[in-house]
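Engineer: Just need the structure, nothing else, for what follows:
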Amino acid sequence: MKQEQAWYLLPDEAHIETPSLIFYEERLKANISLLKSMINRIDRLRPHVKTYKCREITRLLLSEGINKFKCATIAEAEMLAMDQAPDVLLAYQPVAENISRFFKLNSQYPDTAFSCLVDHPIIAKQLSAKAIEEDVKVDVYIDLNVGMNRTGILPDQAFALAESLQHLNGLKIKGLHAYDGHLHDAAMEIRMEKSAPVIKQLSDLREKLESHLGYDLTIIAGGTPTFPIYASKTDFECSPGTFILWDKGYQDAYPEQPFYTAALVASRVVSLPDKELVCADLGHKAVAAEKELKNRVYFINAPFLEVQSQSEEHLVLCNPAPEAYLPGDMLYGLPYHICPTVALHEQAICLKADQSMEHWDMISRKRKLTI
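Structural biologist: Predicted coordinates for the structure are as follows:
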């Protein structure tokens, strides 16, 4: 991929509204190519779409032969189905009205095979009853708690759940799902050490269940931090998400994954409240604010600016070079956490390879599309 010193600069910069989310198509495509090179079979890739939330990137992935996806919301699942994604896992156990919405996906988008997670017999029975009512068969993955303590059941409880599931009409156990978001150590060797018992636990459980059920099961595991480990050490399906856009947090933490930063937030200086202060229009409504102040955004064209405070629409920065900036000057910010940053924007400006620009709607930032 062609590299330029100032790859991030936008043409006709004066007419760019701020704050804006910016995508760089060449870098998106390079990240997909790199992802594919890190695994032995493309059918083991099941990227998580929570990071990018737009149809255009789904189409880029589909065009590169990636046909399996993972998502967290009904809206994300519907976004994928709008472009006929063949295989979509709702990586969430649907409850209450979301069970009905999940089944509506199946009826409205017959070209997409939907599956979901389950970790409780009560929900399994409700899914079964709805499947019988709709006269369909639903693939489910047993969600396992392998240490993050967020969702799922402990692995030693999975066999009993599987036994109850196999007697419920309308459901078929497709495999096991495990998210290990707690394994995010910066050192690769520590991640490898901590993931080894998870790999063994999952593999042993799959073998036991396959013997009992009489057919093969799929394991879907991990996120971005452990992706290289599962990709090279197992036959699991892998679900990285952040790879497609990358961010400052992962760039600093995981240098062994050389993905390109493909998304920035464009901001402008709006005021100079003191000789050593600069105020930009990048409040916490435009860039993720769950991390401490210094770890929210890094300005790649002004790395010496230090964040002092942030409010809804304003970001105040300490400027060690007085008179270096004037109101209206553009700042290109690399978010530390891109996933929730994307969810703050209705649209992204995408810089194409030919230097033209398009507007891409972040449609699945909504909780509901049509279903």
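
Engineer: ok, D143 - contacts?
Structural biologist: 93, 117-119, 151-153, 177-178 (Cβ atoms under 8 Å, 6 or more residues apart in numbering). The C-beta positions use only the backbone N, C-alpha and C, and glycine is treated the same way.

Engineer: Scan this protein for its longest strand.
Structural biologist: The single longest strand within the chain, with elements called by DSSP state E, is strand 263-274.

Engineer: With just CA atoms, put the very next helix or strand once past it into CSV.
Structural biologist: For strand 263-274, the following helix or strand on the C-terminal side (DSSP states H and E) is strand 277-280. The C-alpha coordinates for strand 277-280 follow below in CSV (Å, rounded to 0.1, in the frame of the first residue of the first chain):
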residue,chain,number,x,y,z
LEU,A,277,-4.4,26.9,26.1
VAL,A,278,-6.2,25.8,22.9
CYS,A,279,-9.9,24.8,22.8
ALA,A,280,-11.1,22.4,20.1
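
Engineer: List the buried residues in strand 277-280.
Structural biologist: With burial defined by 16 or more other Cβ atoms under 10 Å, the residues of strand 277-280 counted as buried are 278-280.

Engineer: tell me the mean pLDDT for the next helix or strand after that strand?
Structural biologist: Beyond strand 277-280 on the C-terminal side, the first helix or strand identified by DSSP H and E is strand 297-299. Mean per-residue pLDDT for strand 297-299: 98.

Engineer: who does strand 297-299 touch, helix- and strand-wise?
Structural biologist: Packing contacts for strand 297-299, counted by 3 or more Cβ pairs under 8 Å, 6 or more residues apart in numbering; DSSP states H and E, involve strand 330-335.

Engineer: how distant is the strand it packs on from the center of its chain?
Structural biologist: 21 Å (Cα atoms, centre = their mean, to the nearest Å).

Engineer: Same check on stretch 124-131?
Structural biologist: Taking Cα atoms, centre = their mean, one finds stretch 124-131 lying 28 Å from the centre of the chain it belongs to.

Engineer: now swap in stretch 153-161 and tell me
Structural biologist: On the basis of Cα atoms, centre = their mean, stretch 153-161 sits 27 Å off its chain's mean C-alpha point.

Engineer: Pull out the buried residues from the contacts of D143.
Structural biologist: Of the members of the contacts of D143, the ones counted as buried by neighbours, 16+ other Cβ under 10 Å, are 93, 117-119, 152-153, 177-178.

Engineer: possible to save those residues as CSV with pLDDT, distance to M82 and secondary structure?
Structural biologist: Formatted as CSV, those follow (pLDDT from 0 to 100; distance: Cβ to Cβ, whole Å; DSSP: H, G, I helix; E, B strand; the rest coil):
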residue, pLDDT, distance to M82, secondary structure
Q93, 98, 24, coil
L117, 98, 22, strand
V118, 98, 25, strand
D119, 98, 28, coil
G152, 98, 29, coil
I153, 98, 33, strand
H177, 98, 24, strand
A178, 98, 29, strand
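
Engineer: how about those residues in TSV, adding distance to E76?
Structural biologist: Putting the buried ones among the contacts of D143 into TSV (distance: Cβ to Cβ, whole Å) gives the following:
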residue	distance to E76
Q93	15
L117	14
V118	19
D119	20
G152	20
I153	24
H177	16
A178	20
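
Engineer: so which of those comes closest to D87?
Structural biologist: H177 (13.8 Å; Cβ to Cβ).

Engineer: For that closest one, give me its contacts.
Structural biologist: Going by Cβ under 8 Å, 6+ apart, H177 touches 89, 91, 117, 141-144, 152, 219-221.

Engineer: Show me what counts as buried in the helix of greatest length in the chain.
Structural biologist: With secondary structure taken from DSSP state H, the chain has its longest helix at helix 188-213. Neighbour counts using 16+ other Cβ under 10 Å place 188, 191-192, 194-195, 198-199, 201-202, 205-206, 209 of helix 188-213 among the buried residues.

Engineer: for stretch 333-350, same thing?
Structural biologist: Neighbour count says stretch 333-350 has 333-339, 341-342, 344-345, 347-350 buried, by 16+ other Cβ under 10 Å.

Engineer: Distance from that stretch to the middle of the chain?
Structural biologist: Computed by Cα atoms, centre = their mean, the separation of stretch 333-350 from the middle of its chain amounts to 12 Å.

Engineer: pLDDT averaged over that stretch - what is it?
Structural biologist: Stretch 333-350 shows a mean pLDDT of 98.

Engineer: now the end-to-end length of that stretch.
Structural biologist: Terminal residues of stretch 333-350 lie 15 Å apart, using Cα to Cα, to the nearest Å.
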